[in-house]
Structures are given as C-alpha cells and as structure tokens.
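*Asks:* Need coordinates for the following:
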Amino acid sequence: MTLASLTVQLINGLADASAMFLVAAGLSLIFGVTRIVNFAHGSFYMLGIYIAYTLVGAIGASAGGFWSAVLLSAFAVAAIGAAVEILILRRIYRAPELFQLLATFALVLVVKDAALWAWSPEDLFAPRAPGLEGAVHLLGRRLPQYDLLLIFIGPLVFGLLWLLANRTRWGTLIRAATQDREMLGALGVNQAWLFTAVFALGCFLAGLGGALQGPRIPANLALDLDTIGNTFVVVVVGGMGSIGGAFAAALLIAEVKALCIALGNVSLFGIDFSLSRLTLVVEFLVMALILVVRPWGLFGKPLAAARSSAEHDLPLRPASRNAHRMGWLLLALLLALPLLAGNFPYLPVLMVEILVAVLFAASLHFLMGPGGMASFGHAAYFGLGAYGAALLALKLQWPMAAAFVAGPLVALLGALLFGWFCVRLSGVYLAMLTLAFAQIVWAVIFQWDDFTGGSNGLVGLRPAEALASPVAYYYLALACAAAGVWLLRRVVYAPFGLALRAARDSAVRAEALGMDVKRVQWLGFAVAGLFCGLAGVLFAFSKGSISPEVAGINRSVDGLVMVMLGGLQSLLGPLVGASLFTWLQDVVARETDYWRALLGLVILVLVLLFPGGVAGLFRRFEHHGEETP
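*Replies:* So this is what the prediction gives:
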C-alpha cells in the first residue's frame, strides 16, 4: 500500500461521507424535533434516486435537465414526506414512541411495493452527470470528477443548515423543540406545522441524497433497508438531533471504511486479517465503541422525553378467571388442531412458524415491556441459538436433544456479553447498540465460510426420527412455546420481574432502595436471550437449513413489528401480534405479488385504529382481565 493510493482512497471516502451526511442530517432533524425513529427514511432516499431517474429521462440528460431533475426529485420527496406526516404520523404523536416505529415500518412496505409497481424489480442505471463524466489525475491515480463535486456538496449543505438553525427564527424554533418541545407548545407555537415543515425538510435532504447518488449507484429496491441501517449509525454516533455530530460521524465512518479498503490484508502476530471484509460491519464496530465510551454520541446530549401514552402507568394486574378460561380453551384448541386440519396438510407447518414467532416476540416483549429496554437487534440471540444448535449437530454430531439444550445456552452467553455493555445506555442509544451487536453477529456468520458456511448457510439439519413428521414437530414447538411463554409470565410476576419493572419505572428510586439496577437489567437481557435462542433452535430444526438472515436486521424488525402490533402494555400483546403478523404475511403473500404493500396498509389501519396495539382493544372491554407490565 503506497501513500498515494492511500491518499486517493481517503479522498474517495470524502464523497461517501457527503452522501451519508445528507441522509443522516434529515433523519437527525426529524428525530430531534418529533422524536420519531423514522424507519422509512431509507425509503425516501430510495424514492429520491428513482424519481430522479424518471425525471432525467423526461426532461433530458443535458446539464440543465440533470440538475433540474435532482432538485425536483428532492422537492417531490419532501412533498410526499409532508403528506405522510399530515395524514399518518400526526395522528399518532401521542402514542408510545416505539409504536410510531411500527407506522414507519408499514410505510417501508408500502413504498417498496409502490416502487416495484412503478419501476419494476430490475436495477436502473441513471446517466452520468453532464460535463462530469471524466476523471482527474491525482498522485498517479484517477478520481471521478463527480465524486469531487460531491465532496463539496456535503459541506455546502452543512453550512446552509447551520445558517438555517442559527440565523433564522425558524431555526431557533427547531432548536427549542429539540430541547423541550412541551415548553415550546406552552409558548403558543403551532407545533403541528413545525413538525410538518421539519419532516418535509428531512425528507428533502433524504431525497436530495438519493438523487445525487444516481450517477454512482443503480436504483434498486434494496436501497431502503441498506441505507437506513448506515444512516442510523451515523446519527447515533454523531448524537441524536445534532447536525454537526452527523457531519463529523459521516466523515469518521466513511474514512474508516476507506482505510479498511485501502489497507486490504494485514498481518498481526503472524495472523493474516482481511480488513477489506470489515466494510460490511465496520460502522457498527465504530458505533459500539463510541457508545460505550460516550453514551450520547460524539456531540449528543440527553434529550427531553416526550410525553407518552398514559397506558404505560397502569398497574400490573393478575389475569382474570375469564382470561384463564380462554387460555386453557386456546391450548386445548391448539392440541386438537392437527386432528381438525383435515385437508390442510400445510397447517402444522404454518403453525410451527407462528409458534416460533410467538416465542421470539414474547422474549423481545419481556425485554421491552417489563424491562423497558428497546432492542433493535434481538435477532442476534435468535441467530446464535440457531447456529449454535446447528453447528453442534452438524460439526460435532451431537444428538438433537443435546443440541436443543445447548443452542439456547449459546444465545444466553451472547446476551450476557452484549447486555453487559447495553445496560449502560438508555433509550434509542441502547436500541442502536443492540443493533450494532446484532450486525456484528450477522457479519461473523456471513463471512466465516469455513465454519458457518458463510452466505450459503448450513444444510442437512434434521430432527430426531420420532419428530420427523410435521405433526410431531408441531407438538414439540407447541410444548416449547407454551412452556416458554408460561415461564416468562412467571418471571414477570416473580420478585425479579417486579425489580425489573421498578428499574424501568424509576431507576433513581430503585437504586435509592438498594437495588443494583444495572445488574437487574443485565439479567433481564440474559432471560430474553435464552428464550429467543430457544426460538432460533426450533426454527433451525423445522427448516432443516439456516442462512445468515436468521440474525439479519429484517428479523429484528419483524420482531419489533410483532410486539408493537400486539401492544407493548400487555403480556397478551406479543402473542397476538406475532400470530397476526405471521398469518397475514403468509396469507397475503400467496394472494398478490404486492403483498408487502397490502400488509403495510393493514398494519397502518391497525396503528390508526388501535394505537395501544391489538391486545389493547381487549382492555377496553375487560377492566380486570388482561395484565399490563
């Protein structure tokens, strides 16, 4: 590696930093003012690149046509964002903050299928920017002219945002809302239109970032989730709500990535390492390190909490007699289900998927509800359990029973390790650190070809002969799910569960009473990880093969959707949410090619009608029935 090539690679990293900053700045603005963790921000970025592609084709690829298309696409995305805020998000600002995440995830599904309908699933390559097709020579290397332009666009937009925030009255209102939006409303400021304007500005920046990337990358349907993960990292590393922090974090992460690419293979203590392979996960490593050292990010500070739904304050009640009767009736129905299936041989297979989802969601709910700790990376323990059991069964030839016990223990060890770091944070920062650890687990699984099979995964996993039939395996899954849910419920009512809830409701008061809050929360991570690992083992043996997607961000997001769809305030919530989400996903996917949009619309309707979750609906009809954590 020569100094010249290293220098050129670092300069290339500056162009990537500008692109990351534009998207991250918009997300940081939106969160700082509205407190919405906008999971659909990557979708607005994707729309920017698609709309710019269409407009360039309609207006023409001249210099004027290209740059007009870039700006018009950004304004179009801003208009779409404003409509989304007015029609959907404005109606749920008083809902729990994480429940708003469910609405934005539903938007991801709708936008993805809208893009599929409008532009097809094929990659679309936009023309190069007129007059900037060539390259300049620097230190014997070639640098694209367009990348050099992007290097200047990032700081230019940063400067304009700084002027907006510090030299205008509107900017003063934005900064005030970031610090204390309740006080801002008390002063007579129209928060509704301020939120709409900020959301539109954030979407404009996302759309602009996407449109500017057209000459560099093809427009494709995977851009939404690929982008949102990196954007979350930049925003959290910089500090939620800090534009300057987003700029610094984008530079840091882009340059670290460029350095890994430039150095390639290195040798340390006689062991060869491929740093270029770290580019899949290096931003998450950086985020984990930063958050452990600086819990609020580089330039962040604790943000004023938004007022949430009063349902959080309801006391814990034991289940009523009617609830007990319904539970036993449901269990009896599930036991008889294979006998009643008749001409539906697929039903036991679908029910296994639902039971796995129920156990996964129940373990996540235990962490988020009674524990009060949001996790964006719960799939890490699912993947550790699945791969732990699979590797022991395939590599060491362990019997299924032994692998079934060992898999959850592997997940437990992972939860103990990750939880030790995570419990030192709170709120969105804690959630993002869980995402970082999950992505690290995914990257290890994805890249360790010799051990985990890499992207090909592991195949040939078979249950014991007595459990080979779908019906027999269904009863095993039912036993594990029922036992897991019952044990989690018992833990919630046990002294440890009460201590966990006390730490959630008032950590200061709990510590004053002599409770070791961090230790209690750490053990809460361990309990959740153990049962999530059991769900992973069930999944692995039911499928016969596993791939890195078991630990991917999509599975973590699905778990969040299940919990929030059912309702965070009820122990019944994750069971209802997981069953409904898995069933809808299966039924809708078989009915239409645009099943994501239909599923997203169903979720949006449920969000708007039942902002406390589906299980919250039952609470309206039974005052002493369902318990709330």
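*Asks:* what about the strand or helix carrying residue 479, average pLDDT?
*Replies:* Using DSSP states H and E, residue 479 falls within helix 470-493. Confidence over helix 470-493 (mean pLDDT, whole number) is 92.
*Asks:* Point out the other helices and strands that the very next helix or strand once past that helix packs with.
*Replies:* Next along the chain after helix 470-493, taking DSSP H and E as the criterion, comes helix 495-505. Packing contacts for helix 495-505, counted by 3 or more CB pairs under 8 Å, 6 or more residues apart in numbering; DSSP states H and E, involve helix 507-512, helix 517-543. Any C-beta I mention is one placed from the backbone N, CA and C, and that applies to glycine too.
*Asks:* Which helix or strand in the protein has the lowest average pLDDT?
*Replies:* Ranking every helix and strand in the chain by mean pLDDT, DSSP states H and E puts strand 271-274 at the bottom, with a mean of 55.
*Asks:* Next, count neighbours for the nearest residue to residue 594 once chain neighbours are set aside.
*Replies:* Of all residues not flanking residue 594 in the chain, residue 113 sits nearest, at 4.4 Å (CB to CB, 6 or more residues apart in numbering). By the criterion of other CB atoms under 10 Å, residue 113 has 21 neighbours.
*Asks:* Use 895 as the first number from now on
*Replies:* Yes, from this point I'll number from 895; that puts the last item at residue 1007.
*Asks:* Checking residue 1007 next. Helix, strand or coil?
*Replies:* helix (DSSP: H, G, I helix; E, B strand; the rest coil).
*Asks:* Next up, the contacts around it.
*Replies:* By CB atoms under 8 Å, 6 or more residues apart in numbering, the contact set of residue 1007 is 1488, 1489, 1490, 1491, 1494.
*Asks:* Go again with 10 Å.
*Replies:* 1115, 1486, 1487, 1488, 1489, 1490, 1491, 1492, 1493, 1494, 1495 (CB atoms under 10 Å, 6 or more residues apart in numbering).
*Asks:* Export those as a markdown table, with columns for distance to residue 1286.
*Replies:* Formatted as a markdown table, those follow (distance: CB to CB, whole Å):
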| residue | distance to residue 1286 |
| --- | --- |
| 1115 | 37 |
| 1486 | 41 |
| 1487 | 39 |
| 1488 | 41 |
| 1489 | 36 |
| 1490 | 36 |
| 1491 | 41 |
| 1492 | 40 |
| 1493 | 36 |
| 1494 | 38 |
| 1495 | 43 |
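*Asks:* So which of these belong to helices?
*Replies:* Using DSSP state H to define helices, the subset of the contacts of residue 1007 located there is 1489, 1490, 1491, 1492, 1493, 1494, 1495.
*Asks:* List the first helix or strand encountered after the helix or strand where residue 1312 lies toward the C-terminus.
*Replies:* Here residue 1312 sits within helix 1294-1316, counting by DSSP H and E. Downstream of helix 1294-1316, the first helix or strand assigned by DSSP H and E is helix 1321-1341.
*Asks:* For that following helix, what is the distance to the chain centroid?
*Replies:* In terms of CA atoms, centre = their mean, to the nearest Å, the centre of helix 1321-1341 is set 10 Å apart from its chain centre.
*Asks:* can you pull the buried residues of stretch 1391-1410?
*Replies:* 1391, 1393, 1394, 1395, 1396, 1397, 1398, 1401, 1404, 1409 (16 or more other CB atoms under 10 Å).
*Asks:* counting contacts, what elements does the helix holding residue 1373 pack onto?
*Replies:* Using 3 or more CB pairs under 10 Å, 6 or more residues apart in numbering; DSSP states H and E, the elements in contact with helix 1364-1387 are helix 1215-1234, helix 1241-1262, helix 1294-1316, helix 1389-1399, helix 1411-1437, helix 1467-1485.
*Asks:* got a markdown table for those, with distance to residue 1049 too?
*Replies:* Output for the helices and strands packed on helix 1364-1387, formatted as a markdown table (distance: least, CB to CB, whole Å):
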| stretch | distance to residue 1049 |
| --- | --- |
| helix 1215-1234 | 59 |
| helix 1241-1262 | 39 |
| helix 1294-1316 | 34 |
| helix 1389-1399 | 42 |
| helix 1411-1437 | 41 |
| helix 1467-1485 | 43 |
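*Asks:* Quick check: residue 923 touching residue 1088?
*Replies:* No - look at residue 923 against residue 1088 with CB atoms under 10 Å: they stay out of range, at 11.5 Å.
*Asks:* Compare these two and say which is more crowded by neighbours.
*Replies:* Legend: neighbour count by other CB under 10 Å for residue 923 and residue 1088, higher for residue 923 (26 against 20).
*Asks:* which residues touch the more buried one?
*Replies:* 1055, 1058-1059, 1068, 1072, 1092-1093, 1095-1099, 1129, 1135, 1137, 1140 are the contacts of residue 923 under CB under 10 Å, 6+ apart.
*Asks:* ok so it is a helix residue?
*Replies:* Yes - with three-state DSSP as the criterion, residue 923 is part of a helix.
*Asks:* tell me the SS of residue 1031?
*Replies:* Once three-state DSSP is applied, residue 1031 turns out strand.
*Asks:* and it, bridged to which residues?
*Replies:* residue 1036 (DSSP bridges).
*Asks:* Find me the pLDDT at it, would you?
*Replies:* Reported pLDDT for residue 1031: 78.
*Asks:* got it, and residue 1426?
*Replies:* So, for residue 1426, pLDDT stands at 96.
*Asks:* for the host helix or strand of residue 1065, what is the average pLDDT?
*Replies:* Taking DSSP H and E as the criterion, residue 1065 maps to helix 1063-1080. The average pLDDT for helix 1063-1080 rounds to 73.
*Asks:* what ranges of the stretch 995-1144 of the chain fall below the confidence cut-off?
*Replies:* Within the stretch 995-1144 of the chain, the segments meeting pLDDT under 70 span 1034, 1072-1079, 1081.
*Asks:* Tell me where it has helices.
*Replies:* Applying DSSP state H, counting those that start in this stretch to the stretch 995-1144 of the chain gives helices spanning 1039-1061, 1063-1080, 1085-1106, 1117-1132, 1137-1157.
*Asks:* Now do the longest one: which elements does it pack against?
*Replies:* What that stands for is helix 1039-1061. Applying 3+ CB pairs under 10 Å, 6+ apart, we find helix 1039-1061 packed against helix 897-928, strand 1029-1032, helix 1063-1080, helix 1085-1106, helix 1137-1157.
*Asks:* can you pull the buried residues of that helix?
*Replies:* 1040, 1041, 1042, 1043, 1044, 1045, 1047, 1048, 1051, 1052, 1055, 1059.
*Asks:* In contact with the fourth one, which residues are there?
*Replies:* Think residue 1043. Going by CB under 10 Å, 6+ apart, the list of residues near residue 1043 reads 909, 912, 1023, 1025, 1026, 1106, 1109.
*Asks:* if we can go back for a sec, which stretch in the helices and strands packed on helix 1389-1399 is the model least sure about?
*Replies:* Lowest mean pLDDT of those: helix 1401-1406, a mean of 89.
*Asks:* who touches that helix?
*Replies:* For helix 1401-1406, contacts defined as CB under 10 Å, 6+ apart pick out 1266, 1320, 1393-1398, 1400, 1409-1412, 1414-1415.
*Asks:* Can you pick out the most distant pair from those?
*Replies:* 1320 and 1393 (17.2 Å; CB to CB).
*Asks:* Quick check: the gap between the closest residue to residue 1338 other than its chain neighbours and residue 1080.
*Replies:* The shortest distance from residue 1338 to any non-neighbouring residue, by CB to CB, 6+ apart, is to residue 1346 (7.6 Å). Distance, residue 1346 to residue 1080, using CB to CB, to the nearest Å: 55 Å.
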